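1. sequence and predicted structure, then a few things I'm wondering about:
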Amino acid sequence: MWKKLTLKLRTQQGSITRTCKNCGKIFTLPENVQAWPDTCQACRAKLRQTETVTRRCRSCGESFTFPSALRHWPKLCPACRGRR
Ligand SMILES: [Zn+2]
Ligand SMILES: [Zn+2]
């Protein structure tokens, strides 16, 4: 009984193939992944690098940029953050 159950679980954790919306390449994802991306890993990495946000530092007023992929967007520029 138990053996059957574990076997079933294992087969359910397969992989999904998707076509990248950006480059058209076919890429695979683990089936249990929570968010299914539309783009392949290479394109996601590229997009993450290019997407930058510009903000004005709360401390010195200088504008600074950071990747939008950051979970917590900084309020201070790198110089002010380093001074803390
Ligand atoms: Zn791609
Ligand atoms: Zn600053």
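-> Alright, I've got the coordinates. Please read all numbers here as calculations on a predicted model, not as lab measurements. Ligands and ions are numbered 1, 2, ... in the order given.
2. show me the contacts for Glu51.
-> Pro67, Ser68, Ala69 (Cβ atoms under 8 Å, 6 or more residues apart in numbering). Where you see a C-beta, it was placed from the backbone N, CA and C, and this is true even at glycine.
3. and what of Cys43?
-> Cys20, Asn22, Cys23 are the contacts of Cys43 under Cβ under 8 Å, 6+ apart.
4. mind listing the helices in this structure by residue range?
-> 2-12, 41-50, 78-83 (DSSP state H).
5. between those helices, which gets the lowest average pLDDT?
-> Lowest mean pLDDT within the helices of the chain: helix 2-12, a mean of 54.
6. for the protein, which residues are neighbours of ligand 2?
-> Cys57, Ser59, Cys60, Cys77, Cys80 (Cβ under 5 Å from the ion).
7. TSV for those, including neighbour count?
-> Shown next, in TSV, are these (neighbours: other Cβ atoms under 10 Å):
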residue	neighbour count
Cys57	17
Ser59	14
Cys60	12
Cys77	21
Cys80	16
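8. residues in contact with the closest residue to Ser59 other than its chain neighbours?
-> Nearest non-adjacent residue to Ser59, counting by Cβ to Cβ, 6 or more residues apart in numbering: Cys80, 4.2 Å away. For Cys80, the contacting residues are Cys57, Ser59, Cys60, by Cβ under 8 Å, 6+ apart.
9. dump those residues to CSV, plus pLDDT and distance to ligand 1.
-> Shown next, in CSV, are the contacts of Cys80 (pLDDT from 0 to 100; distance: Cβ to the ion, whole Å):
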residue, pLDDT, distance to ligand 1
Cys57, 96, 35
Ser59, 96, 39
Cys60, 97, 39
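10. take the residues you listed and write them to JSON lines, including distance to Ala42.
-> Formatted as JSON lines, the contacts of Cys80 follow (distance: Cβ to Cβ, whole Å):
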{"residue": "Cys57", "distance to Ala42": "33"}
{"residue": "Ser59", "distance to Ala42": "37"}
{"residue": "Cys60", "distance to Ala42": "37"}
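11. quick one on the thing from earlier: so which of the contacts of Cys43 wins on neighbours?
-> Cys20 (17 neighbours; other Cβ atoms under 10 Å).
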